[in-house]
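Participant: no letters, just coordinates:
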DNA sequence: TAATTTTTTTAGATTAGTCTAAATTTTTTA
DNA sequence: TAAAAAATTTAGACTAATCTAAAAAAATTA
């Protein structure tokens, strides 16, 4: 049984490890967890003793198999609760993360399996992120960014790579929701903004900053 | 913002205060919270400084108005989550308490108000206990025990005064559920067990021990 | 590659919540 | 009502998680 704090470190290490082979640095962890590097060093020692991370002083950390399994179980709980909040309680996709940060630590396997069933075994959370299974396995999808799609191509919006309420609210105002069809009309030479046709219905200009954070397939 | 521990103390003081004017003793709290009296003394000092309890050394404690309000808000959350677990996730009434002990500490007012709406503003939890409102007010119902009902009277089962899984499972096996009609046929001179007619359909012998913990109106 | 800067770790404290053992107060009993 | 017993509090210590300041290691730069 691990503490909330330990679970949060594992989760943070998992996220910071995505898309890199190198270990996660102490400072990166301190930034992400809003603590000081000294505190992180202490915690890393403890997590290493428990066999959850591979850690050599000054060398950064990676998760062990068991550490990754636990991180993914926390992420599973987080994402299932997000689905519950959005679909059953009508929370906006910009609101669910903060509440799920607390719910993800509730310790009952039966609860989470029953919640999964109640929600109809969803495969994705409200942001389009995949939900790990009960064994702590998660499919890895490779999506492209809207900013990388060539003119004339039609794609479907499948996720976001930025989860801040501000960004998500911006998408709400623009009417960009998961599953909408996007035809890339033109990419501006001037500011790289993208003109897209949404669901064959209306045209919208999307800034490069936004396009970089929209995942499509 | 109060800690889980502080919230648990407030809740425990509330429950131990029911049906008595006197303050709750340090030892009673130590028993209920599975800690030592010395630890309780320490915590009482802190809660008193925060204005949540009335405390004089060696004299026991009572909740202040604010302390009681907070206790009732925790109880509100606990009971609403119990309803969710029983009605939406199909947990038995003997299973919901333990999980709700964790869920009751999730800190989001919006969450609990939306949960309340999702559940259809229930007035009672799965054990028949009333759910406090958002202001921290709870109606007090005065129910009688089945063991106090005179022969020939017909009553309705409205609650239980014992919440252990063992007791609740015993009621399940006997087919005694909230809302069932009970006609007291006869009370045994020998062991005070009660012969009841349930829903005008079948007769059951209920031990005095069980009858004492069945609340009826 | 030597000096400087950055990153990381260690040393030593702090806080909340707990503990045991000892001291103190209250209650019970003879 | 004095002695004994029970209840409660204080004293001092421990753990997890954090902090600041200082030391040490690694990376960068001149």
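Facilitator: Arrived safely. Please read these numbers as outputs of a predicted model, since none were measured by experiment.
Participant: show me the shaky parts of chain A.
Facilitator: By pLDDT under 70, chain A has no low-scoring segment.
Participant: contacts only, for the residue nearest in space to the middle of it.
Facilitator: For chain A, residue A:129 is the residue whose C-alpha lies nearest the centre (C-alpha atoms, centre = their mean; 5.8 Å). Listed by C-beta atoms under 8 Å, 6 or more residues apart in numbering or on different chains, the contact partners of residue A:129 are A:79, A:159. No exception for glycine: its C-beta is placed from N, CA and C like everyone else's.
Participant: strands of chain A, residue ranges please.
Facilitator: A:53-55, A:61-63, A:144-145, A:154-160, A:181-187, A:194-198, A:202-206, A:214-216 (DSSP state E).
Participant: switch the ones you listed over to JSON lines; also include mean neighbour count and distance to DNA strand C.
Facilitator: Shown next, in JSON lines, are the strands of chain A (neighbours: other C-beta atoms under 10 Å in any protein chain shown; distance: least, C-beta to the nearest atom of the strand, whole Å):
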{"stretch": "strand A:53-55", "mean neighbour count": "20", "distance to DNA strand C": "7"}
{"stretch": "strand A:61-63", "mean neighbour count": "21", "distance to DNA strand C": "8"}
{"stretch": "strand A:144-145", "mean neighbour count": "14", "distance to DNA strand C": "27"}
{"stretch": "strand A:154-160", "mean neighbour count": "18", "distance to DNA strand C": "28"}
{"stretch": "strand A:181-187", "mean neighbour count": "17", "distance to DNA strand C": "35"}
{"stretch": "strand A:194-198", "mean neighbour count": "20", "distance to DNA strand C": "34"}
{"stretch": "strand A:202-206", "mean neighbour count": "14", "distance to DNA strand C": "33"}
{"stretch": "strand A:214-216", "mean neighbour count": "24", "distance to DNA strand C": "29"}
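Participant: I'd like to know which of these is closest to DNA strand D.
Facilitator: When the strands of chain A are compared by C-beta to the nearest atom of the strand, strand A:53-55 sits nearest DNA strand D, at 13.2 Å.
Participant: parallel or antiparallel, which strands does the closest one pair with?
Facilitator: strand A:61-63 (antiparallel) (DSSP bridges).
Participant: contacts for the partner strand, please.
Facilitator: Taking C-beta under 8 Å, 6+ apart as the rule, strand A:61-63 contacts A:10, A:13-14, A:17, A:23-24, A:29, A:44, A:47-48, A:52-55, A:71.
Participant: that strand and DNA strand D in contact?
Facilitator: No - figure legend: strand A:61-63 not in contact with DNA strand D (C-beta under 7 Å from any atom of the strand); closest approach 14.0 Å.
Participant: now that strand, how far from the chain's geometric center?
Facilitator: Put simply, strand A:61-63 sits 19 Å off its chain's centre (C-alpha atoms, centre = their mean, to the nearest Å).
Participant: leaving out sequence neighbours, find the closest residue to residue A:113.
Facilitator: Computed as C-beta to C-beta, 6 or more residues apart in numbering or on different chains, the closest residue to residue A:113 that is not its neighbour in sequence is residue A:134, at 6.5 Å.
Participant: quick one, what contacts that neighbour?
Facilitator: Neighbouring residues of residue A:134 by C-beta under 8 Å, 6+ apart: A:73, A:76, A:109, A:112, A:113, A:116.
Participant: ok so, going back, select, out of the strands of chain A, the one closest to residue A:85.
Facilitator: strand A:154-160 (16.8 Å; C-beta to C-beta).
Participant: relative to the closest one, what are the paired strands and their orientations?
Facilitator: strand A:181-187 (antiparallel), strand A:214-216 (antiparallel).
Participant: check contacts around the nearest residue to residue A:131 once chain neighbours are set aside.
Facilitator: Nearest non-adjacent residue to residue A:131, counting by C-beta to C-beta, 6+ apart: residue A:79, 4.5 Å away. Contact analysis of residue A:79 by C-beta under 8 Å, 6+ apart lists A:100, A:124, A:125, A:129, A:130, A:131, A:132.
Participant: could you check how far the third one is from DNA strand C?
Facilitator: Spelled out, that is residue A:125. Distance of residue A:125 to DNA strand C, computed by C-beta to the nearest atom of the strand, to the nearest Å: 31 Å.
Participant: separation between the residue lying closest to that residue once chain neighbours are set aside and residue A:159?
Facilitator: Nearest residue to residue A:125, sequence neighbours excluded (C-beta to C-beta, 6+ apart): residue A:79, at 3.8 Å. Per C-beta to C-beta, to the nearest Å, residue A:79 is found 12 Å from residue A:159.
Participant: tell me who's in contact with the closest residue to residue A:207 other than its chain neighbours.
Facilitator: The spatially closest residue to residue A:207, leaving aside those adjacent along the chain, is residue A:193, at 5.1 Å (C-beta to C-beta, 6+ apart). By C-beta under 8 Å, 6+ apart, the residues touching residue A:193 are A:187, A:205, A:206, A:207, A:208, A:211.
Participant: how about 6 Å then?
Facilitator: A:205, A:207, A:208 (C-beta atoms under 6 Å, 6 or more residues apart in numbering or on different chains).
Participant: again, but for residue A:146
Facilitator: A:211, A:214, A:216.
Participant: you'd agree the last one is up against residue A:155?
Facilitator: Spelled out, that is residue A:216. Yes - counting by C-beta atoms under 6 Å, residue A:155 is a contact partner of residue A:216 at 3.9 Å.
Participant: near chain B, which residues of chain A show up?
Facilitator: Residues of chain A found near chain B, taking C-beta under 6 Å from any C-beta of the partner chain as the criterion, are A:88, A:89, A:99, A:102, A:106, A:108, A:111, A:114, A:118.
Participant: burial count for the last one?
Facilitator: The burial metric for residue A:118, expressed as a neighbour count using other C-beta atoms under 10 Å in any protein chain shown, is 16.
Participant: how far away is residue A:10 from DNA strand C?
Facilitator: On the measure of C-beta to the nearest atom of the strand, residue A:10 and DNA strand C end up 16 Å apart.
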